[in-house]
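Undergrad: I'll drop the sequence and a predicted model, then ask my questions.
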Amino acid sequence: MAIIEIKNLTYTYPGATKPSINDVSLKVEKGEFVLITGPSGCGKTTLCRCFNGLVPHFYQGELKGEISVAGLETLKHHTHEMARHVGLVFQNPENQLFALSIEKDVAFGLENLGVSQAEMRQKVDWALHQTGIYDIRERSPHEISGGQQQRVAIASVLAMQPEVIVLDEPTSFLDPLSAEKIFEVIYELNRKQGITVILVEHRLDLTAKYTDHLIVMDEGKIFFEGDPRDILNSEQTRLIGVGIPKATLLYQMLKKDGLNLNKTTPLASEELADQLLEALKKW
């Protein structure tokens, strides 16, 4: 069952000479973990803004085509209505933090939905624990580091537990270890609770292993879509400028040198290590 359907979507920002998204069609099934990647300026962030109605209701401009999310047409439903179903984490966390304490920022969305105090307390504490910021919950979001701010922004969306979570490079201020912990949390939400995840990310070394639906964009269009192993094993993907996972690149080099490895393209170092051990046993 598709939770997101896009047909021939073209969008041009006010005053722009060419569209940021050009004739994009896409279908996302409920419960999928979708990874969107591509060179800077290819339209990834603009596409994310379409999912919750920021485009066109806030950014305006010219939008052509159809987009439906969780059964709602975003052209007919404003952002505050879409927020009940779609949570968006911006690339810059300061854009969505404004309260006097971290705890209040995380609770803000739930307060607007009229959630009871007991339920709100439970969901806020859960989100704070999941993102590792429970101990600093009483501090101001403007007195903490950029990485901590990013965790607050993610927690504020997790607390609402929407049907779809859209994350636009949500760990750009975090080191690889901290980023991986956040991706693990997002993956667990996807796997155990069935929340559909749309993740925009360049660091495929950390994220490719979680996805079951990869989208590669360039110049406002979708160039490749489908199984991440097939797409990331393609030379055309690398030529677009996508950062292929190092495990995948090493696998390609070893296969070229004649090493008899499994036909399944690895997306993470753990997968490649298992294949190498298997090959050594046969050798």
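TA: In hand now; what should we look at? Note that the structure is a prediction, hence the values are computed from the model and not measured.

Undergrad: Okay, now the sheet partners of whichever strand in the chain runs longest, with direction.
TA: What stands out as the longest strand in the chain, according to DSSP state E, is strand 2-12. Strand 2-12 has its sheet partners listed here by DSSP bridges as strand 21-29 (antiparallel), strand 62-69 (antiparallel).

Undergrad: Pull the distance from the next helix or strand after the last one to the chain's centre.
TA: Beyond strand 62-69 on the C-terminal side, the first helix or strand identified by DSSP states H and E is strand 72-73. Between the mean C-alpha point of strand 72-73 and the mean C-alpha point of its chain there is a distance of 21 Å (CA atoms, centre = their mean, to the nearest Å).

Undergrad: got the buried residues for stretch 215-223?
TA: Neighbour-count burial for stretch 215-223 flags 215, 216, 217, 218, 220, 222, 223 (criterion: 16 or more other CB atoms under 10 Å). Using the backbone N, CA and C atoms, a C-beta is placed for each residue, glycine as well.

Undergrad: For residue 139, give me the backbone phi and psi.
TA: Main-chain dihedrals, residue 139, degrees, to the nearest 10: phi -80, psi 160.

Undergrad: Use 25 as the first number from now on
TA: Right, with 25 as the first residue, what we last looked at is residue 163.

Undergrad: Pretty sure it sits against residue 125.
TA: Yes - Residue 163 is within contact range of residue 125, at 6.7 Å (criterion: CB atoms under 8 Å).

Undergrad: In CSV: the strands paired with strand 26-36, plus mean pLDDT and distance to residue 70.
TA: Below are the strands paired with strand 26-36 laid out as CSV (pLDDT from 0 to 100; distance: least, CB to CB, whole Å):
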stretch, mean pLDDT, distance to residue 70
strand 45-53, 96, 5
strand 86-93, 95, 10
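
Undergrad: Which stretches in this structure count as strands?
TA: Going by DSSP E, the chain shows strands at 26-36, 45-53, 57-61, 86-93, 96-97, 110-113, 188-192, 220-224, 237-242, 245-250.

Undergrad: Let's have these in a markdown table, adding distance to residue 181.
TA: Output for these, formatted as a markdown table (distance: least, CB to CB, whole Å):
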| stretch | distance to residue 181 |
| --- | --- |
| strand 26-36 | 16 |
| strand 45-53 | 18 |
| strand 57-61 | 16 |
| strand 86-93 | 15 |
| strand 96-97 | 18 |
| strand 110-113 | 4 |
| strand 188-192 | 6 |
| strand 220-224 | 11 |
| strand 237-242 | 20 |
| strand 245-250 | 25 |
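
Undergrad: which of the buried residues of stretch 239-247 lies closest to residue 302?
TA: residue 240 (29.5 Å; CB to CB).

Undergrad: With adjacent residues omitted, what lies nearest to residue 42?
TA: Excluding the flanking residues, the one nearest residue 42 by CB to CB, 6 or more residues apart in numbering is residue 36, at 7.0 Å.

Undergrad: Give me the neighbour count for that neighbour.
TA: When counting by other CB atoms under 10 Å, one arrives at 19 neighbours for residue 36.

Undergrad: quick one: it from residue 99, how far?
TA: Distance from residue 36 to residue 99, counting by CB to CB, to the nearest Å: 15 Å.

Undergrad: likewise residue 58?
TA: Residue 58 is 22 Å from residue 99, by CB to CB.
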